[in-house]
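**Q** Kindly generate the corresponding structure for this input.
(chains A and B)
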Number of protein chains: 2
Amino acid sequence: MDITRYMPVLSWGRRYGRKELSADLIAAVIVTIMLIPQSLAYALLAGLPPEAGLYASIAPIVLYALFGTSKALAVGPVAVVSLLTASAVGQVAEQGTAGYAIAALTLAFLSGGFLLVMGVLRLGFLANFLSHPVIAGFITASGILIATSQFKHILGVSGHGDTLPEMLLSLATHLGDINWITLGLGGLSISFLFWVRKHFKPFLLKLGAPEKLADVLTKAGPVFAVIATTVAVWAFELQTQGVKIVGEVPQSLPPLTLPGFAPELLGALLLPAILISVIGFVESVSVAQTLAAKKRQRIDPDQELIGLGAANMGAAFTGGYPVTGGFARSVVNFDAGAETPAAGIYTAIGLAIAALALTPLVYYLPNATLAATIIVAVLSLVDLSILKTTWSYAHADFSAVAATILLTLGLGVEVGVAAGVIISVLLHLYKTSRPHVAEVGRVPGTEHFRNVLRHDVQTHPSLLTLRVDESLYFANARFLEDLVQNRVSERTDIKHVVLMFSAVNEVDYSALESLEAINFRLGEIGVGLHFSEVKGPVMDRLKRGHLLEQLNGKVFLSQNDAFRELTHD
Amino acid sequence: MDITRYMPVLSWGRRYGRKELSADLIAAVIVTIMLIPQSLAYALLAGLPPEAGLYASIAPIVLYALFGTSKALAVGPVAVVSLLTASAVGQVAEQGTAGYAIAALTLAFLSGGFLLVMGVLRLGFLANFLSHPVIAGFITASGILIATSQFKHILGVSGHGDTLPEMLLSLATHLGDINWITLGLGGLSISFLFWVRKHFKPFLLKLGAPEKLADVLTKAGPVFAVIATTVAVWAFELQTQGVKIVGEVPQSLPPLTLPGFAPELLGALLLPAILISVIGFVESVSVAQTLAAKKRQRIDPDQELIGLGAANMGAAFTGGYPVTGGFARSVVNFDAGAETPAAGIYTAIGLAIAALALTPLVYYLPNATLAATIIVAVLSLVDLSILKTTWSYAHADFSAVAATILLTLGLGVEVGVAAGVIISVLLHLYKTSRPHVAEVGRVPGTEHFRNVLRHDVQTHPSLLTLRVDESLYFANARFLEDLVQNRVSERTDIKHVVLMFSAVNEVDYSALESLEAINFRLGEIGVGLHFSEVKGPVMDRLKRGHLLEQLNGKVFLSQNDAFRELTHD
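**A** The predicted structure follows:
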């Protein structure tokens, strides 16, 4: 067994030199600065104390660095997984209680276990059943839900709800309680962050700053907002005016924690954990793949499961909550020049120092500022143009997107994504259950056979040739039975039916039985059944059944052979 | 609108003459004689009083004759649907209570409503998602369950259970209570019926009876068993010895009844009703199709839904329970020469006379005899050879059969069939999620391109040509991404990738995005992405997206064009 497959660190660690070290250190400093406010904010979104966000960024990063295959992926709390955590944990415990934190650890534990099992069994391909329209719809709807969920912090009111109508209703009933100072801080932060995102880099470039520095300072936008609003609260004692602040955050390295092992808790969180794992995995792999491709590197999706599983296990035992590879942080890490996963380890050290030494500095940080950073970050996830794009491409894909968005907003994240998957699968089965079947004839003077409806071709009244443009399996087997039956009962002069199999990649047992039934029924009325252009693997398969022995016709290598022999041409 | 589409009787009724009348009358007499014991027996299986079986054979037959499209299908109680009824109704009411009978009517009502809705919406194709292996496994397991469930009547003990282990355990604990006279009657009936099935026809032929008569008498075997055991009970007053008998059956035409409309009852029975409808529909359509094909007739699956829906509605309002087209009775009807659905109407008249006049004759009929007729009838459904056949054909199909059989026996009919469908769909998705992709090269001196692993072909180090043998959709989109990525990162001298699309029948939005990602990533490292042999409909689809505008390569009509241009051959 090749141990380096399961611990990629053994292969890149051996070639680690000074050049890699300096590149990784620079990337780590940049990412650390960006991650401090982000981690606090996502913990808030997950309904956990702010330090949980920091802890979830330390051990998981290190474990992913040891087991993961991406050189640039940065693992930690991300927006969508934080939302899913809040939704799942909120169903078993009250926010702010010890049970809530334990449930979050348990969720990370289950999620990690599930990812590890999937990785060892090499089941990474299962994530492919989340179609792109479903993912796109889900991410967009989640962005809307997340942004809406944060408005209570901007307004300084209480609010709750897992769905858009619930959240809006809850906000509406509390509009009388708005804390105007909080709203001022939050509103300014949002405006500032949007301005930074759009205009800060051109502004810095105009000032003559180098491109790289301008990039880094732009990404650090939230840090300026954090500093400015923290200082404002401290200077004017705004916390006495009802402005909610982060407050005391323990000065500590990540603690050793135990998830809950009560069977009811595990049972209640298992399905959400699977959902979180799959969504986190899909998001992470697509980020990792995009970044790896830029350097002609590759990632191994099954090993990624192990890396992410280890990371979540780490989160479960060090006071964190479910984590995955995040898009924004990974791109920053990549752009900052990270060469190896060691950059992640240095980031973890930076964050550990922050957890140990810097937490008193965020005592006066208003929650509204964190909410503002979340809102600005997630609104970039919202992309309703996918509706237009899929509509013009294919209505089936549009339906999957629209259903996922509506159900996620209306019924919550879990129902939304489950419904999306089911709808995608059903639409796919529906499409392949009514395959395109063309009656074909010979293009005069050639050996080509084309659709009789589109081309002027030679046919013969006693011969019916059907080209089936789909693999044959249970969902379309009876369709073909009906079709042949109908054609033959409409045209009583047919003596031979040829099925042209050039686009048939598979014939399953149901389809085999349907072909046997077609053969039997045609035999009863004296009509021959023939095949042409059957692919090698399909022919191998057919030879294992009895169809070919019972066939009241022949198998022709080419459609032209069939045409010539059956029409005596 | 063509009213004859919805009421086929209007088209065949107009041409009805003396010849059809006499053929239909003869068939009706034969079927009626066969149906009397069968209807009583299936009612017993469904846990209902015996007359429910007769009633379920009268109005439904007439309604199907008016709305159905098969000329030979005989509709009424059948074994599998009776078992499903017992299982579903047993969950909401106690056998023998008025609530049980009402629940059975309600089940028929819901089933009829569901079938009608499906028919009007033309959703008959949905039944195709029951793959043949699942149906075969389900029918076999049901046969075993039904036969086992009847042994309590043969032994004269009480017993219960919806799964094989439950039934066997329940029988085992009652072995001390065996009524030996009942066992004698039941055992003799079973032996006699097996003998009739195998040896009666050759025996009659040897006696010089005409073939047709020998056939009819063989099918009437159960009638002889019924008469003999009824007379035996009456003559020796065996009912006083603990032999359970049918007892009083009301002398009446089918009564007008109302199903229950309580929301909880409707809610509890909805899923079972859908299951019964789908299974009944599939069974019925395959019988109807087989018989229609023999006369080069056709049936319309969507209109069949309407016919069966009307029949079930009829059962719901006339004291019956869910019905469908039965295999045995339809074959007898067909073989006896039925020409039109009017044969069914005459059968209904025969059964109505029986219900009105002949029920006192079955007072002394022992339940054991009815159980014997059920056991002998359903054991012909049990076909374990499907396990061997599917094993040698394809392991995926074998898995579906085996899982359906095991789960139906072990967890009951509803779980079994639901699991079977889910497993079939997952196996199909799994297979298509890892499509066969061959790297191809040119067969020297030709324009053909074949797998480089199987053939001695021309290739070029800077050109990678992949032939994808499957439609591209969400489940295999990422597979292709990984594959291209891996090949390109292994062979750094590749400058052009050609995807040969001759077997690609569809590209969904997920696959489009994957192709865009492949194109983008290849573009970043200066490798061209090209397509060849793209089918018309696929090309039309691709033109609606942005892939072709962004493509860093070309679309070639033929693979040979691509090879020549990209290798400067």
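**Q** Quick check: which ranges of the stretch 1-150 of chain A have low pLDDT?
**A** Applying pLDDT under 70 to the stretch 1-150 of chain A picks out residues A:1-2.
**Q** likewise the stretch 351-500 of chain A?
**A** In the stretch 351-500 of chain A, no residues with pLDDT under 70.
**Q** pretty sure A:Ser433 is touching A:Leu472, no?
**A** No: under the criterion of CB atoms under 8 Å, A:Ser433 makes no contact with A:Leu472, lying 11.0 Å away. Bear in mind the C-beta positions are built from the backbone N, C-alpha and C, glycine included.
**Q** who's more crowded, those two?
**A** Counted by other CB atoms under 10 Å in any protein chain shown, A:Ser433 and A:Leu472 do not tie: A:Leu472 has more neighbours, with 25 against 20.
**Q** Let me know the distance separating the more buried one from chain B.
**A** 11 Å (CB to the nearest CB, to the nearest Å).
**Q** residue contacts, the residue of the stretch 151-300 of chain A found nearest chain B?
**A** Nearest residue of the stretch 151-300 of chain A to chain B, counting by CB to the nearest CB: A:Ala293, 3.5 Å away. Taking CB atoms under 8 Å, 6 or more residues apart in numbering or on different chains, we find A:Ala293 in contact with B:485, B:520-521, B:524-525.
**Q** Among these, which ones are in helices?
**A** Residues of those located in helices (DSSP state H): B:485, B:520-521, B:524.
**Q** So which bits of the stretch 101-250 of chain A are right by chain B?
**A** A:125, A:127-134 (CB under 8 Å from any CB of the partner chain).
**Q** Give me the buried subset of the contacts of A:Ala293.
**A** Among the contacts of A:Ala293, those buried by neighbour count (16 or more other CB atoms under 10 Å in any protein chain shown) are B:485, B:521.
**Q** Adding distance to B:Ala503, write the contacts of A:Ala293 out as CSV.
**A** Compiled in CSV, these are given as follows (distance: CB to CB, whole Å):
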residue, distance to B:Ala503
B:Gln485, 22
B:Phe520, 25
B:Arg521, 24
B:Glu524, 29
B:Ile525, 28
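**Q** Burial check on A:Ala262, number of neighbours?
**A** There are 10 residues near A:Ala262, going by other CB under 10 Å.
**Q** With A:Phe236 instead?
**A** 12.
**Q** just to revisit the earlier point, in what helix or strand does the residue of the stretch 151-300 of chain A closest to chain B lie?
**A** Using DSSP states H and E, A:Ala293 sits in helix A:263-294.
**Q** how big is the angle separating the helix or strand following that helix from helix A:263-294?
**A** Following helix A:263-294 in sequence order, the next helix or strand is helix A:301-317 (DSSP H and E). Note on geometry: by axes from the mean of the first three to the mean of the last three CA atoms, to 10 degrees, helix A:301-317 and helix A:263-294 are set 130 degrees apart in direction.
**Q** how about helix A:301-317, does it reach chain B?
**A** Yes: counting by CB under 8 Å from any CB, chain B is contacted by helix A:301-317 at A:Pro301.
**Q** Just the buried residues of that helix, please?
**A** For helix A:301-317, by 16+ other CB under 10 Å, it's A:301-317.
**Q** Now do it: which elements does it pack against?
**A** Here helix A:301-317 touches helix A:3-6, helix A:59-67, strand A:75-76, helix A:98-120, helix A:263-294, strand A:324-325, going by 3 or more CB pairs under 8 Å, 6 or more residues apart in numbering or on different chains; DSSP states H and E.
**Q** Could you pull up the residues touching whichever residue of the stretch 101-250 of chain A sits closest to chain B?
**A** Proximity to chain B, evaluated over the stretch 101-250 of chain A using CB to the nearest CB, is greatest for A:Ser131 at 3.3 Å. Going by CB under 8 Å, 6+ apart, A:Ser131 touches A:397, A:400, A:420-421, A:424, B:473-475, B:508-510.
**Q** measure it to A:Leu381 for me?
**A** A:Ser131 sits 18 Å away from A:Leu381, going by CB to CB, to the nearest Å.
**Q** any idea how far the residue nearest the centre of chain A lies from A:Val452?
**A** Most central in chain A under CA atoms, centre = their mean is A:Val282, positioned 3.7 Å from the mean C-alpha point. The gap separating A:Val282 from A:Val452 is 44 Å, by CB to CB.
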